[in-house]
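1. got a structure for you, letters missing:
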């Protein structure tokens, strides 16, 4: 069974410049350097990707088929249809309206159901294994996003602390100036 490759979560192929990046490129000076816009804080990471699209792109045809069969076998429609077919099978063989092609104890029906189970079980297991691999990739991706968020929160807190220090210094200067000029704040 093919394993799901862990997608490159830091791929830059879908990067589209934002409006602020476009403005910055228009404002760039002769040296080619882009000025830092106030509304554009630096981000040390790439944009977040849709993990479902990335995993879907790596899914093979066989995996798609296994998933479709698993969805079908796990649906109420399949269970009800199979139940109706089995009830009709038993009624026709017990009453002998047509012919006793599978008399009681219904050995042919048992064989058919055993063959169905023999083929369905590995297909369902393939789909479940792929789903568990996808879950592991999604959990890893969530961990990476959490790390990014933690780093950004740390940067924001450092920035807020620097602002508090600067505001404290400005306040001290204002107090000193007001004392020199005898102005009450």
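-> Great, that's in hand. Bear in mind the structure is a predicted one, so any value in this text is a computation, not a measurement.

2. Find the nearest non-adjacent residue to the residue positioned nearest the centre of the chain, please.
-> Note on the chain: the residue nearest the mean C-alpha position is residue 51, at 3.9 Å, using CA atoms, centre = their mean. Of all residues not flanking residue 51 in the chain, residue 141 sits nearest, at 4.8 Å (CB to CB, 6 or more residues apart in numbering). No exception for glycine: its C-beta is placed from N, CA and C like everyone else's.

3. could you measure the one you found against residue 58, distance?
-> Computed as CB to CB, to the nearest Å, the residue 141 to residue 58 distance reads 13 Å.

4. who has more neighbours, those two?
-> residue 141 (18 against 15; other CB atoms under 10 Å).

5. wait, the more buried one sits on residue 53?
-> No. The criterion here is CB atoms under 8 Å, and residue 141 misses it with residue 53 at 12.0 Å.

6. Give me the distance between the host helix or strand of the residue nearest to residue 51 and the centre of its chain.
-> Taking DSSP states H and E as the definition, one finds residue 141 inside helix 107-181. In terms of CA atoms, centre = their mean, to the nearest Å, the centre of helix 107-181 is found 10 Å from the chain centre.
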